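Participant: Here's a sequence, model it:
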Amino acid sequence: MKIIIIGGVAGGMSAATRLRRLMEDADIIVFDKGPYVSFANCGLPFHLSGEIAERQSLLVQTPEALKARFNLDVRPETEVLDIDPTNKLVTVRHQGNTYTENFDKLILSPGANPFIPDIPGLDEAEQVFTLRNIPDLDHIMSQLSHISKGKATVIGAGFIGLEMAESLTNRGLEVTLIEKAPHVLPPFDEEMAAFIKDELENKGVTVITGQTASAFLDKGKRLLLEDGRELMSDLTILSVGVSPASDLAKRAGLSLGLRDGILVNDDYQTSHPDIYAVGDAIIVQQQITGQDSLIALASPANRQGRQVADVIAGLPRKNKGSIGTAIVRVFGLTVASTGLKETIARQQFDDVTVVHTTGKDHASYFPGATDITLKLIFGLKTGRIYGAQALGQKGVDKRIDVLATAIKAGLTIFDLPELELTYAPPFGSAKDPINMIGYAAINLAEGLSQSVQWHELEQELAAGKVLLDVRNPNELLAGRFQKAIHIPLDQLRERLDELDRTSEYIVSCHSGLRSYLAERLLKQNGFTVANLDGAYSLYKTVRPQAIITP
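Facilitator: The predicted model follows:
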């Protein structure tokens, strides 16, 4: 059997090497229009910063090594111009020469292209770049060699944009990060993104949201924003998203769908039974909603490459879709998510509830413990987990990985306290943050607790409810709510007569645990009470203007 693969890197090379392990006699050809067929795409920003010192470290495999180990015919710098599905031919060009190759099976793994917005002056801009491959990296490194202390602008504050902002700052550049959405990292919800913005600004990055570039002037050295502001920039990175690289499939008459993504079935077959597709260019099923989605991540692409090889070799594999689990480092902060964010979940389901908790990455009494802020998005009636977000200095990856596994396995909030996770003081807690957020979610589902969200507080207070802060007096010295009465939790039982039983109370502490204790105490004494979810630590981050500080 002759199998042609168009595109290497994650999906294509995973398919090629798996095919060889299963089909020793197959004739396998890999075409890639770039010079490097196997490289660490996700490592590119870290070479810019110098954290990955050697460029060579990014090159995973060479055509020669792949030939020696897997007997693969890998042809870099070879562009596939057309696919003839009827005659099962591809037309390719290498160094100006054009020829054809026939195939029995064809796998498309073209990836995604950077989205290039239509901005006046962009065509003439000389120092505006995107970063998707090694040649892009080389161009940026060349520009950086001339501007060691200059000004850099990153347009787009998604995952790659955040990594670029960090990397360029660490090189000593003065960085401005621009995002069209109302907050940085749009795949996250607003209150979680507020922590990221704080970290960026604390590290010297200028963050501008709700804006984008409306024009490039002076060959890209000046940027005009939508509100009329003008920025000087020695280097500009466009990181405003990607689009499926599906032009070749479109010309071949293959069926396309959402945003011109390639439509495939459960066996990764396109509309032609002998042509398959994997990776960033294909439409997958979002496993939580069941809807079509484009999820451009390395882990799904690698999995899909292996699975399509299994399908072609006759093994029973199915494309089950993806839930979109991702992580990014922003200076000293680790940020990760899985599944749906709250705003998307509320569009899809009618019973969405959220809960925020703060816990330590390992036992609080062991040196070096740091906070992890977790957000769980779930169904109040069913306990189904729709998504989760987390941030902290360390231990974030472990918790989101557990919750991603729980979603894939169909576990509910009622299963989270039952999870037996590794514990010793340097590594975790006897009651892990995953267990604790499960308990908190169950309390809401079973009616033991009611919550008020950060964005509801102002309206609730305007309606006459009273905010009760149960933090200790010394905690108030660092900041306090503008409108709140204060009774420390440990004094609450003895001071119940200071409260009005005809009033409705919202209780807050620093992170939510003590306020839950206060809520239970007050409810059992006849008071009407709700807990401010996420408490003071969350509210002061997303609504700093509502906090009184010394």
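
Participant: Give me the most central residue, the chain.
Facilitator: With distances taken as CA atoms, centre = their mean, residue 326 lies nearest the centre of the chain, 3.9 Å away.

Participant: Tell me who's in contact with it.
Facilitator: Residue 326 is in contact with 159, 187, 297, 336, 337, 338, counting by CB atoms under 8 Å, 6 or more residues apart in numbering. (C-beta placed from N, C-alpha, C; glycine too.)

Participant: For those, could you give me CSV that also reports secondary structure, neighbour count and pLDDT?
Facilitator: Output for the contacts of residue 326, formatted as CSV (DSSP: H, G, I helix; E, B strand; the rest coil; neighbours: other CB atoms under 10 Å; pLDDT from 0 to 100):
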residue, secondary structure, neighbour count, pLDDT
159, helix, 22, 95
187, coil, 17, 95
297, coil, 17, 89
336, strand, 23, 98
337, strand, 28, 98
338, strand, 27, 98
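
Participant: and of those, the nearest to residue 270?
Facilitator: Among the contacts of residue 326, residue 297 lies closest to residue 270 (CB to CB), at 20.7 Å.

Participant: Next, the contact list for the closest one, please.
Facilitator: Per CB under 8 Å, 6+ apart, neighbours of residue 297: 280, 322, 324, 325, 326.

Participant: what's the spacing between it and residue 494?
Facilitator: Distance check for residue 297 against residue 494: by CB to CB, to the nearest Å, it reads 54 Å.

Participant: mean confidence score for stretch 500-514?
Facilitator: Summarised as a single mean, pLDDT over stretch 500-514 is 96.

Participant: Check which residues of it are buried.
Facilitator: Under the neighbour-count criterion of 16 or more other CB atoms under 10 Å, stretch 500-514 has 505, 506, 507, 508, 509, 510, 511, 512, 513, 514 buried.

Participant: from the residues you listed, which two are the most distant?
Facilitator: 505 and 511 (18.4 Å).

Participant: Now do the phi/psi pair for the residue lying closest to residue 363 once chain neighbours are set aside.
Facilitator: Spatially, and ignoring its direct neighbours in sequence, residue 363 is nearest to residue 425 (4.0 Å; CB to CB, 6 or more residues apart in numbering). The phi/psi pair for residue 425 (degrees, to the nearest 10) reads phi -50, psi -40.

Participant: neighbours around residue 425, how many?
Facilitator: Neighbour count for residue 425, taken as other CB atoms under 10 Å: 14.

Participant: I figured it was touching residue 364, is that so?
Facilitator: No - the criterion here is CB atoms under 8 Å, and residue 425 misses it with residue 364 at 9.3 Å.

Participant: Can you pull the phi and psi angles for residue 471?
Facilitator: Phi and psi for residue 471, reported as degrees, to the nearest 10, are phi -70, psi 160.

Participant: Neighbours of it, how many?
Facilitator: Neighbours around residue 471, by other CB under 10 Å: 24.

Participant: doesn't residue 485 make contact with it?
Facilitator: No - taking CB under 8 Å as the definition, residue 471 is not a contact partner of residue 485, at 11.9 Å.

Participant: What does the pLDDT read for residue 485?
Facilitator: Listed pLDDT for residue 485 reads 96.

Participant: Next: residue 42.
Facilitator: The confidence metric pLDDT takes the value 89 at residue 42.

Participant: Might you report the residue contacts of it?
Facilitator: residue 298.

Participant: what's the spacing between it and residue 108?
Facilitator: Applying CB to CB to residue 42 and residue 108 gives a distance of 21 Å.

Participant: go on, residue 23?
Facilitator: Here the criterion is CB to CB. By it, residue 23 lies 19 Å from residue 108.

Participant: Compare those two and say which is more crowded by neighbours.
Facilitator: Neighbour totals were compared for residue 23 and residue 108, and residue 108 leads with 31 against 16 (other CB under 10 Å).

Participant: That one is in contact with residue 248, isn't it?
Facilitator: Yes - Residue 108 is in contact with residue 248 according to CB under 8 Å; the separation is 7.1 Å.

Participant: So for these two, which residues contact both of them?
Facilitator: Each of residue 6 lies in contact with both residue 108 and residue 248 under the rule CB under 8 Å, 6+ apart.

Participant: So in terms of bridging, what pairs with residue 92?
Facilitator: Residue 92 has the following beta-bridge partners by DSSP bridges: residue 80, residue 99.

Participant: Tell me the predicted confidence for it.
Facilitator: 97.

Participant: can you check the one 4 residues further on too?
Facilitator: Listed pLDDT for residue 96 reads 93.

Participant: do residue 549 as well
Facilitator: Confidence score, pLDDT, at residue 549: 89.

Participant: What sits closest to it if chain neighbours are left out?
Facilitator: Looking at residue 549 with CB to CB, 6+ apart, the closest residue is residue 479, at 4.6 Å.

Participant: From residue 543, how far off is that neighbour?
Facilitator: Counting by CB to CB - residue 479 and residue 543 are separated by 12 Å.

Participant: Output the buried residues of stretch 500-514 in a markdown table, with secondary structure and distance to residue 442 appended to each entry.
Facilitator: What follows is the buried residues of stretch 500-514, written out as a markdown table (DSSP: H, G, I helix; E, B strand; the rest coil; distance: CB to CB, whole Å):
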| residue | secondary structure | distance to residue 442 |
| --- | --- | --- |
| 505 | strand | 23 |
| 506 | strand | 21 |
| 507 | strand | 19 |
| 508 | strand | 21 |
| 509 | coil | 20 |
| 510 | coil | 22 |
| 511 | coil | 18 |
| 512 | coil | 15 |
| 513 | helix | 15 |
| 514 | helix | 19 |
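
Participant: Could I get these in TSV, plus columns for distance to residue 292?
Facilitator: Output for the buried residues of stretch 500-514, formatted as TSV (distance: CB to CB, whole Å):
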residue	distance to residue 292
505	46
506	41
507	43
508	41
509	43
510	42
511	39
512	37
513	41
514	45
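
Participant: Now flag whichever of those is closest to residue 255.
Facilitator: For the buried residues of stretch 500-514, the nearest to residue 255 is residue 512 (48.9 Å; CB to CB).

Participant: how near is the closest one to residue 34?
Facilitator: For residue 512 relative to residue 34 (CB to CB), the value is 49 Å.

Participant: So residue 119 sits against residue 223, correct?
Facilitator: No - Residue 119 is beyond contact range of residue 223, at 9.2 Å (criterion: CB under 8 Å).

Participant: With neighbour numbers in mind, choose between those two.
Facilitator: Between residue 119 and residue 223, residue 223 has the larger neighbour count (other CB under 10 Å), namely 26 against 18.
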